[in-house]
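>>> sequence? don't have it. structure:
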């Protein structure tokens, strides 16, 4: 009888260390997932750094072409012999950069908005309130216009900020884009934001810009399209160019860009949710172009900042032709979808 009692006890005592060992050596999947997401974030940040480096290279190439024109025979006298004031190293660098053939004319924004060639300040904000924060994880664009009845901008911004953690507030940028040309009105809105969100403006979380009227073409010369009245054509044309301007400003500032509106509400943890989903797609090596966190129009659409030039150029090319959400659909169909897939399954 005693042996029967001792045998089970002996088995239990023998098995206990094995169970403890198995439990203590089981992999921590949460730490592994976090590591995978960190690697994915580093990969996206590297792509963004490469994009910025490429943009600087483009600036050098443009400068070299201008230098080549200025140093042509007959031009040196008109410019006061600019080359004579440059160092030998600078002249050699520019000579090497500009020695290629000019048989090809590369298209640019000026091809579609030629009036910008004559207005140097047209591509700079008419109003800017910024501390210059950069290298953000997420940049959110919030366009706003003057409303006839009530503005929800302050409520929306308060909700966006309150739904972030303190750490997220140091990793994000919210760009308020006041899409109006009346600078008195712009300054009025900016003053309201300074009074209510002074702390977040000073920290760099919040930025405010408005576009110059000179960025936009003559709206009296727009073509009537889609059977819309001219007032509707002007409105959607301006919105296309508003979004392009906002994205051009936001592109160098962070890794991901999210398009929002000035009358939305978010849930607690929305930043973590969007970031986790984006990094998971990257970690899985999914070639995504847009992630959709809202079914309403353009709201809640996330893009990689390195791919914003696709959108910017597309909006500028067809600013007079289609509404901005239609253009996004067409771009997705062209860039991502196969002929046998619809837009939803492609995204």
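Everything's here; your move. It should be emphasised that the depicted structure is a prediction, and the values quoted were computed from it without experimental measurement. Numbering: from 1, shown residues only.
>>> can you give me the strands in this structure?
Applying DSSP state E to the chain gives strands spanning 127-129, 136-144, 172-178, 206-210, 254-259, 291-292, 301-304.
>>> make CSV out of those and add distance to residue 197.
Any C-beta I mention is one placed from the backbone N, CA and C, and that applies to glycine too. Shown next, in CSV, are these (distance: least, C-beta to C-beta, whole Å):
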stretch, distance to residue 197
strand 127-129, 10
strand 136-144, 12
strand 172-178, 9
strand 206-210, 5
strand 254-259, 19
strand 291-292, 27
strand 301-304, 23
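>>> of those, which is nearest residue 106?
When the strands of the chain are compared by C-beta to C-beta, strand 301-304 sits nearest residue 106, at 23.7 Å.
>>> for residue 281, give its distance to residue 288.
From residue 281 over to residue 288 the distance is 5 Å, taken as C-beta to C-beta, to the nearest Å.
>>> would you map the helices across the stretch 51-200 of the chain?
Remark: helices assigned in the stretch 51-200 of the chain by DSSP state H, counting those that start in this stretch are 88-97, 109-112, 153-162, 166-169, 183-203.
>>> redo the strands of the chain as CSV? Include mean pLDDT, distance to residue 165 and mean neighbour count.
Converted to CSV, the strands of the chain look like this (pLDDT from 0 to 100; distance: least, C-beta to C-beta, whole Å; neighbours: other C-beta atoms under 10 Å):
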stretch, mean pLDDT, distance to residue 165, mean neighbour count
strand 127-129, 98, 24, 15
strand 136-144, 97, 12, 22
strand 172-178, 99, 10, 24
strand 206-210, 99, 16, 25
strand 254-259, 97, 17, 24
strand 291-292, 94, 21, 16
strand 301-304, 96, 19, 21
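>>> closest one to residue 46 among the ones you listed?
When the strands of the chain are compared by C-beta to C-beta, strand 254-259 sits nearest residue 46, at 9.9 Å.
>>> neighbouring contacts of that closest one?
41, 44-45, 48, 134-141, 172-173, 243, 247, 250-251, 274-275, 278, 293, 298-305, 308 (C-beta atoms under 8 Å, 6 or more residues apart in numbering).
>>> surely residue 122 touches residue 241?
No. Between residue 122 and residue 241 there is no contact, the gap being 11.2 Å when judged by C-beta atoms under 8 Å.
>>> residues that sit against both of those two, list them.
By C-beta under 8 Å, 6+ apart, residue 122 and residue 241 have these common neighbours: residue 215.
>>> between the two, who's got more neighbours?
residue 241 (21 against 18; other C-beta atoms under 10 Å).
>>> the more buried one and residue 203: what is the separation?
When residue 241 is compared with residue 203 (using C-beta to C-beta), they lie 30 Å apart.
>>> and what of residue 129?
13 Å.
>>> can you list the weak-confidence ranges in the protein?
For the chain, the stretches with pLDDT under 70 are 1-45, 47-86, 90-102, 338-347.
>>> try it again at 50.
2, 11, 18-26, 78, 345 (pLDDT under 50).
>>> residue 272 against residue 172, yeah?
No. Judged on C-beta under 8 Å, residue 272 makes no contact with residue 172 at a distance of 11.2 Å.
>>> what residues does residue 298 make contact with?
With C-beta under 8 Å, 6+ apart, residue 298 has these contacts: 243, 259, 261, 324-325, 328.
>>> now with 10 Å?
By C-beta atoms under 10 Å, 6 or more residues apart in numbering, residue 298 lies in contact with 141, 143, 239, 243, 259-261, 292, 323-325, 327-328.
>>> including distance to residue 229, could the residues you listed go into TSV?
Formatted as TSV, the contacts of residue 298 follow (distance: C-beta to C-beta, whole Å):
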residue	distance to residue 229
141	28
143	23
239	16
243	22
259	26
260	28
261	24
292	31
323	14
324	18
325	19
327	20
328	23
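>>> farthest pair in these?
The most distant members of those, if one measures by C-beta to C-beta, are 239 and 292, lying 19.0 Å apart.
>>> of the contacts of residue 298, closest to residue 313?
Among these, and counting by C-beta to C-beta, the member closest to residue 313 is residue 327, at 11.0 Å.
>>> measure that closest one to residue 107 for me?
18 Å.
>>> more neighbours, these two?
Neighbours were counted for residue 327 and for residue 107 using other C-beta under 10 Å; residue 327 has more, 21 against 10.
>>> surely that one is in contact with residue 310?
No. Contact criterion C-beta atoms under 10 Å: residue 327 and residue 310 do not qualify, at 11.0 Å.
>>> and stretch 161-181, end to end?
End-to-end distance for stretch 161-181, by C-alpha to C-alpha, to the nearest Å: 27 Å.
>>> which one of residue 281 and residue 288 has more residues nearby?
residue 288 (17 against 14).
>>> surely residue 226 and residue 237 touch.
No. Between residue 226 and residue 237 there is no contact under C-beta under 10 Å: 11.4 Å.
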